[in-house]
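Engineer: just need the structure, nothing else, for what follows:
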Amino acid sequence: MKHRYILKLGLFLLIVSLSELFAGGGNRIGTSGASQLLIPVGARGIALGGANLATTRGVDAIFWNPAGIAKTQHGVDVTFSHMNHIADIGIEYGAIAARINSLGVFSFHVKSVDMGDIPVTTTAEVDGTGRTYAPQLLTAGISFSRQLTDAIAVGITGNFISETIQDVSATGVAFNVGVIYDNPGGVEGLSFGIAMKNLGPQMRFDGSGLLVTADVDDYNRPPQLYQAKAASFELPSTFEFGLSYSREIDDQNSFLATGSFKHNNFQADEYLGGLEYNYNQIFFLRGGYTSAANIESDDYLYGFTGGFGISYLVGAVTIRADYAFREVEYFDANHVFALSLGF
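Structural biologist: Numbering: from 1, shown residues only. Purely as a prediction, here's the structure:
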């Protein structure tokens, strides 16, 4: 009974928050910051087109839906991944999740964005000064997830955000909350998921890079340094819900179909779908597709996704290797490599 009250309270808070999340709509497209929060991690989820909101499990669930972390089959989960993002940007990610007795599952994760060295240019030296700088974008966070009943899991993630671009920087915090409900209505293999992501206060850049030399009228003094005040920006919050259905073909073969809808507060809404074939919990073949509402397919950046995974038990350790690619318009495809260990 207590668990039901907690679940109802959580759902109530999600629904109340929607009024703020959905405000604005299309006229706010492109006005948010901290876009690194939207870069996905996890080869399985990317191969499924990002549609695994209701089926994500274990340490992989940290980015997609924190409720799924509690559904890990191991006492400790560890994962590392590398992603070749657009324009030669590299995404490095690492996470660990551990079950603490009957309390729940705690996890920690770090994601860094490597943009490489960028030439410094000025209005006087448009071809470059000969110097370079390297932006530093980092997201680190902790999560807590708990299985309230055999069917219902809830989770929350708190993220610390850091962005440094030459001589200016900004920091902030963001929160993700989610729920997964397995076998609703007694339908075996059906799962429902809901998540709200990137909820938090506005961020603002500050630092010596905002200092400018200027004269002040009617003051008898030489040019002075003044600091320009940067405008604050909101986080790219999203609301997502999804369904998945898994079915066994025989003792060794099964398939999974999953789909999600993502409302993006600062860009077009997205529809996501994916399929996964599972052979004996050893080999996995995946595919997916992502589309955006009210945007022509040629104008939308992403499209087809695909990948595979191999899982093998060595003693008491489960070793899993996953690969995913994501079609990208105007750029080379994204490639993701992940290695996970379960103890």
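Engineer: tell me where the stretch 101-250 of the chain has strands.
Structural biologist: 104-114, 118-119, 132-133, 136-147, 152-165, 168-182, 190-199, 211-214, 224-227, 238-248 (DSSP state E, counting those that start in this stretch).
Engineer: what's the most buried one of those?
Structural biologist: strand 190-199 (a mean of 22; mean count of other C-beta atoms under 10 Å). No exception for glycine: its C-beta is placed from N, CA and C like everyone else's.
Engineer: how about the strands of the stretch 101-250 of the chain, which one is nearest residue 341?
Structural biologist: strand 104-114 (14.0 Å; C-beta to C-beta).
Engineer: and that closest one with strand 152-165, angle?
Structural biologist: Per axes from the mean of the first three to the mean of the last three C-alpha atoms, to 10 degrees, the angle that strand 104-114 makes with strand 152-165 is 30 degrees.
Engineer: what's the span of stretch 185-193, first residue to last?
Structural biologist: 14 Å (C-alpha to C-alpha, to the nearest Å).
Engineer: show me where pLDDT drops low in the protein?
Structural biologist: 1-31, 297-298 (pLDDT under 70).
Engineer: over to the spatially most distant residue from the centre of it: give its phi and psi.
Structural biologist: In the chain, the residue that sits farthest from the middle, by C-alpha atoms, centre = their mean, is residue 220; the gap is 53.6 Å. Main-chain torsions, residue 220, degrees, to the nearest 10: phi -90, psi 80.
Engineer: now do the contacts for it.
Structural biologist: With C-beta atoms under 8 Å, 6 or more residues apart in numbering as the criterion, no residue contacts residue 220.
Engineer: cool, the one 5 residues further on as well?
Structural biologist: If you count contacts by C-beta under 8 Å, 6+ apart, residue 225 has them with 211, 212, 213.
Engineer: next one: residue 164
Structural biologist: 135, 136, 137.
Engineer: re earlier: any chance of the contacts of residue 225 in TSV, with distance to residue 148 too?
Structural biologist: Below are those laid out as TSV (distance: C-beta to C-beta, whole Å):
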residue	distance to residue 148
211	52
212	55
213	59
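Engineer: helices of this protein, start to end?
Structural biologist: All helices of the chain, identified by DSSP state H, fall at 2-21, 43-47, 61-64.
Engineer: once you drop chain neighbours, what's closest to residue 260?
Structural biologist: residue 242 (3.3 Å; C-beta to C-beta, 6 or more residues apart in numbering).
Engineer: residue 217: neighbour count?
Structural biologist: For residue 217, the neighbour count with other C-beta atoms under 10 Å is 4.
Engineer: mind listing what it touches?
Structural biologist: Counted by C-beta under 8 Å, 6+ apart, residue 217 has zero contacts.
Engineer: ok, residues contacting stretch 251-259?
Structural biologist: 48, 51-55, 242-249, 271-280.
Engineer: try stretch 294-306
Structural biologist: 26, 46-50, 268, 274, 286-292, 324-330.
Engineer: try 6 Å this time
Structural biologist: With C-beta atoms under 6 Å, 6 or more residues apart in numbering as the test, stretch 294-306 has contacts from 46-47, 49, 268, 287-290, 292, 325-327, 329.
Engineer: can you check stretch 330-342 too?
Structural biologist: 43, 46, 74, 77-86, 318, 320-328.
Engineer: PyMOL command for the buried members of the residues you listed?
Structural biologist: Here is the PyMOL command that picks out the buried ones among these, judged by 16 or more other C-beta atoms under 10 Å:
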select buried, resi 43+46+74+77+78+79+81+82+83+84+85+86+318+320+322+323+324+325+326+327
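Engineer: inside strands: which ones of the contacts of stretch 330-342?
Structural biologist: 77-84, 318, 320-328 (DSSP state E).
Engineer: residues contacting residue 177?
Structural biologist: Residue 177 sits in contact with 156, 196, where contact means C-beta under 6 Å, 6+ apart.
Engineer: whoops, residue 114 was the one
Structural biologist: By C-beta under 6 Å, 6+ apart, the neighbours of residue 114 are residue 90.
Engineer: any idea how far it is from residue 192?
Structural biologist: Distance of residue 114 to residue 192, given as C-beta to C-beta, to the nearest Å: 36 Å.
Engineer: for residue 121, same thing?
Structural biologist: 51 Å.
Engineer: just residue 289 next, same as before
Structural biologist: Distance from residue 289 to residue 192, by C-beta to C-beta: 21 Å.
Engineer: make TSV out of the contacts of residue 164 and add distance to residue 60.
Structural biologist: Formatted as TSV, the contacts of residue 164 follow (distance: C-beta to C-beta, whole Å):
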residue	distance to residue 60
135	27
136	26
137	22
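Engineer: for the closest residue to residue 53 other than its chain neighbours, what are its contacts?
Structural biologist: Excluding the flanking residues, the one nearest residue 53 by C-beta to C-beta, 6+ apart is residue 242, at 3.6 Å. Counting by C-beta under 6 Å, 6+ apart, residue 242 makes contact with 53, 54, 193, 260.
Engineer: with residue 68 instead?
Structural biologist: With C-beta under 6 Å, 6+ apart, residue 68 has these contacts: 56, 57, 61, 180.
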